[in-house]
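[1] test case, fold it:
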Amino acid sequence: MENGYKILFVCLGNICRSPAAEGIMRRMLEKEGLAGRIGVDSAGTYGGHRGELPDPRMRSAAARRGISLTHRSRKLSEEDFGRFDRIVVMDDMNYEDVHRLAPSRAAAERIFRMTEFCRRHPDRTCVPDSYYEGHEGFELVLDLLEDACEGLLEDIKDEGRL
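    Purely as a prediction, here's the structure:
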């Protein structure tokens, strides 16, 4: 992974929401010429999909927006806490699970909820799991993730980390 600032997106299985966030953020970073300065990855709190590509429905929905999702699912590890500057989770269950794995209080302070960065959807408290939803569910998730990734990138810039 690139040197510099590193972000890890986390959901349950690492086959819908977190790889979509990773793909969206990668595209934003490329467009802004920041791909070499910010590293992006994703993981899941559950390892049952290890090695799988993202859900075909999410890949299809993302492709319609020009986003390619090629990440292979992996499980969050304790080492991730030392490798990433921010760990950004999709919902409260992920938040609690990731907090339980944090090896220290300092590591736990780097955990954020994705919706903390939403600007156009301030009423949202989580990114819902699109796995059990139809077409509209995947579109909603992508809308929320695009909004939150924009806000997250603004937040990192405001911190002066770039």
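[2] which parts of the protein are strands?
    Assigned by DSSP state E, the chain shows strands spanning 5-11, 38-44, 86-89, 111-113.
[3] who does the last one pair up with?
    What it means is strand 111-113. strand 86-89 (parallel) (DSSP bridges).
[4] what does the strand it pairs with contact?
    Residues outside strand 86-89 that contact it (Cβ atoms under 8 Å, 6 or more residues apart in numbering) are 6-11, 21, 80-81, 95, 98, 110-114, 117, 152, 156. Every residue, glycine included, has its C-beta placed from N, CA and C.
[5] run the last query once more with 6 Å
    Outside strand 86-89, the residues that touch it by Cβ atoms under 6 Å, 6 or more residues apart in numbering are 7-10, 95, 98, 110-114.
[6] again, but for stretch 46-57
    12-13, 15-16, 19, 69, 72-73, 75, 138.
[7] could you redo the last one with a cut-off of 10 Å?
    Applying Cβ atoms under 10 Å, 6 or more residues apart in numbering, the external contacts of stretch 46-57 come out as 11-20, 22-23, 42, 44, 59-62, 69-77, 94, 97, 130-131, 133-135, 137-138.
[8] and if you look at stretch 29-39?
    Residues outside stretch 29-39 that contact it (Cβ under 10 Å, 6+ apart): 1-8, 25-28, 40, 83-85, 149, 152-153, 156-157, 161-162.
[9] buried among those? Need that as a selection in ChimeraX.
    Per 16 or more other Cβ atoms under 10 Å, the buried members of these correspond to this ChimeraX selection:
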select :5,6,7,8,25,26,27,28,40,84,149,152,153,156
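[10] just the ones of the contacts of stretch 29-39 in helices?
    Residues of the contacts of stretch 29-39 located in helices (DSSP state H): 25-28, 83, 149, 152-153, 156-157.
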